[in-house]
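S.K.: predicted coordinates and the sequence they were generated for:
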Amino acid sequence: MYENNLSDINKAQKGDQNAMTRLIENNKGLIWNIVKRFNGRGYEIEDIYQIGCLGFIKAIKRFNTNFEVQVSTYAVPYILGEIKRFIRDDGIMKVSRSTKELAMKILELQKEYFNKTGEEITVSNISKILKIPKEEITYALDSIKPVSSIYEESNSNGDDARSVLDRIGTGKDEAGSIVDKLALKQLIEGLNTREKEIILLRFYKDKTQSEVAKVLGITQVQVSRIEKKVLSSMRLKLTS
C-alpha cells in the first residue's frame, strides 16, 4: 500500500491530471487517516478531505523521485499542514443554526426559571423539560461561549503577559510528533526485529527506555544506542 509509482509521479509533475488522480486514489487511505484527526471541528469531513488532497498534490509536485522514502511518508506533513492552515485561516469552529436555536431556547428557559425561583436551573431539569439529552444541552451552551484566541495575551497579576498557548504549551512540537509517528509507520517495515520492537514499545506503547530494557532483557544503554541509531537513520532518509 502507498507504494511509489515513479511513472505516475513524473507524469503528474508534468501536468498529467489522470496520473495525479491515480496517485490520490492510491493514497486516499493515508489522506483519510490524517483527515479523521480533524473530525468534529465544525467542518464537513468531505471538505477537510478535499483540503487534504490539495496538500497531497503539493507534496507530489515537490517530491524528488531520488528520495529514498515513500511518497506517502513525504506527503504527511504537507497534508497535515494544509488542513491546519485552512482551519486557522477560516476562523473559529462553525456552529449550526439548529444548535444556536437550541442554545437560545435554553437561555430563555434559564432566565424564566431564575425569575420565578431565584435559583439556577440544573442541566438535568432542562433535559427533562426540553426532552433532550444532557450532552446536547452542554454542547449547545458551550457553542455560544466567547472563544479566546490561544495567541491572546492574558496576565492575571499584571506583570506576566503571556499568551494562552505559552501557558498551556508543553514545549514540544506536538504537530511534529504526529508527523513523526505517521512517518515511522512507513519506515518501520525496513527495521530488523530488535529495532522494530524497540521503536514500537517506545513510540506506540509509550514505554520508557528502562521499561523497554526490562521487556527485552537488555540494558537501558543498549536500548538508547539502538533507538538513537534507528531514529538517526530514519531522519536521514526523510531529509536527504
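M.R.: Now that the structure is in, tell me what you want to look at. Numbers count the residues shown, from 1 in each chain.
S.K.: make it CA atoms for all contacts and neighbour counts henceforth
M.R.: Fine.
S.K.: quick one: low-confidence parts of this structure?
M.R.: Judged by pLDDT under 70, the chain has its weakly predicted residues at 1-4, 67-68, 89-96, 142-186, 189, 235-240.
S.K.: which residues of it fall in helices?
M.R.: 6-13, 17-26, 28-35, 45-62, 71-90, 97-117, 123-130, 134-143, 164-168, 174-187, 193-203, 209-216, 220-239 (DSSP state H).
S.K.: how far off centre is the fifth one?
M.R.: Which is helix 71-90. 10 Å (Cα atoms, centre = their mean, to the nearest Å).
S.K.: now Thr199: how far from Glu135?
M.R.: Actually, residue 199 is Ile rather than Thr. Distance check for Ile199 against Glu135: by Cα to Cα, to the nearest Å, it reads 39 Å.
S.K.: if you count surrounding residues, which of these two has more?
M.R.: Ile199 (22 against 10; other Cα atoms under 10 Å).
S.K.: OK, contacts around the more buried one?
M.R.: Glu227 (Cα atoms under 8 Å, 6 or more residues apart in numbering).
S.K.: how close does it sit to Val230?
M.R.: Distance, Ile199 to Val230, using Cα to Cα: 8 Å.
S.K.: same check, this time on Val69
M.R.: Relative to Val230, and taking Cα to Cα, Val69 is found at 15 Å.
S.K.: so which of those two has more stuff around it?
M.R.: More neighbours surround Val69 than the other of Val69 and Val230, with 21 against 17 (other Cα under 10 Å).
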